[in-house]
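Let's see this in three dimensions:
(one chain, ligands or ions: 1)
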Amino acid sequence: MKKIKMFLFLAVLVLALVPLNLFAESSQSNNLIAVYDVSKGEMINVEKIEKTDAEWKKELTPEQYHVTRQEGTERAFSHSYHHLKEKGMFKCSNCGTDLYSSDTKFDSGTGWPSFWAPVSEKNVGMKTDRKFFMLRTEVHCARCGAHLGHVFDDGPKPTGKRHCINGVALNFVPEKQD
Ligand SMILES: [Zn+2]
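Have a look, this model is predicted:
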């Protein structure tokens with residue numbers, strides 16, 4: 001009987017502490033976000049990457065910096081990734097987060113690498129872009145904020161979306177051959 005009481009006491013204690021613990025974690029880790037890791041096949045928690053402009057400028061090529069940090073656009077057909085047909089993963093060129101799989105890549109004829117879906121909606125962020133008197137959807141890396149390109153509604157099935165992405169924002173990693 002005593003054992004049961006002790007067990008109940010412990011159970012209540014654990015139940016009382018767990019929510020507190022969760023709360024403490026979520027209030028401390030404002031910088032953690034969940035992204036999908038393709039090689040692990042699961043969501044992982046990673047720290048958001050925040051750097052100053054000067055730091056990014058040092059790490060990136062001038063073209064990468066212009067496109068990913070100043071929301072620039074590379075010239076159409078200027079990057080070899082637009083016609084790359086190899087199997088593999090397109091990761092963020094700024095932070096290495098998995099962004100687009102070759103499985104969702106298609107030839108849009110626009111001269112920019114085009115995909116009908118990211119590896120996970122969690123790995124990218126979107127916002128409304130009103131530059132040049134156009135209403136467009138801007139897409140960026142969820143982890144480091146790197147500007148990737150824009151999303152349009154004229155893509156192929158199954159999503160009907162066209163993620164029009166700058167090649168310099170991506171880093172292609174070919175699939176390992178067994
Ligand atoms: Zn990134």
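
Could you look up the next helix or strand downstream of the helix or strand of the chain with the lowest mean pLDDT?
Lowest by mean pLDDT, DSSP states H and E among the helices and strands of the chain is helix 2-28, with a mean of 58. Per DSSP states H and E, helix 2-28 leads on to strand 32-37 as the next helix or strand towards the C-terminus.

Provide the contact partners of the helix or strand following that next one at residue level.
Going down the chain from strand 32-37, the next helix or strand is strand 42-47, by DSSP H and E. For strand 42-47, the external contacting residues (CB atoms under 8 Å, 6 or more residues apart in numbering) are 29, 31-37, 97, 120, 122, 143. C-betas here are computed from N, CA, C, even on glycine.

Export strand 42-47 to CSV, keeping only CA atoms.
C-alpha atoms of strand 42-47 as CSV (Å, rounded to 0.1, in the frame of the first residue of the first chain):
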residue,chain,number,x,y,z
GLU,A,42,12.9,13.9,-39.2
MET,A,43,12.4,17.3,-37.8
ILE,A,44,15.3,18.7,-35.8
ASN,A,45,15.7,21.7,-33.6
VAL,A,46,18.4,24.1,-34.7
GLU,A,47,19.4,27.5,-33.6
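
so what strands line up beside it?
Taking DSSP bridges as the criterion, strand 42-47 forms sheet pairs with strand 32-37 (antiparallel).

for the strand it pairs with, what is the average pLDDT?
For strand 32-37, mean pLDDT rounds to 97.

and that strand, anywhere near the ion?
No - Strand 32-37 lies out of reach of the ion by CB under 5 Å from the ion, never closer than 9.4 Å.

Flag every buried residue along that strand.
Buried residues in strand 32-37, counted by 16 or more other CB atoms under 10 Å: 33, 35-37.

Look up the closest residue to the residue nearest the centre of the chain, ignoring the ones flanking it.
With distances taken as CA atoms, centre = their mean, residue 123 lies nearest the centre of the chain, 2.8 Å away. Of all residues not flanking residue 123 in the chain, residue 35 sits nearest, at 4.8 Å (CB to CB, 6 or more residues apart in numbering).

one step back: from the buried residues of strand 32-37, pick the one nearest the ion.
residue 35 (9.4 Å; CB to the ion).

For stretch 112-122, output the C-alpha coordinates as PDB.
This file holds the C-alpha atoms of stretch 112-122, laid out as PDB (Å, rounded to 0.1, in the frame of the first residue of the first chain):
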ATOM      1  CA  TRP A 112      16.300  30.000 -62.800                       C
ATOM      2  CA  PRO A 113      16.300  26.700 -60.800                       C
ATOM      3  CA  SER A 114      12.600  25.900 -60.200                       C
ATOM      4  CA  PHE A 115      10.900  23.600 -57.800                       C
ATOM      5  CA  TRP A 116       7.200  22.800 -57.000                       C
ATOM      6  CA  ALA A 117       7.800  22.400 -53.300                       C
ATOM      7  CA  PRO A 118      10.400  22.800 -50.600                       C
ATOM      8  CA  VAL A 119      11.500  19.700 -48.600                       C
ATOM      9  CA  SER A 120       9.300  21.100 -45.800                       C
ATOM     10  CA  GLU A 121       7.200  24.200 -45.400                       C
ATOM     11  CA  LYS A 122       9.100  24.600 -42.100                       C
END
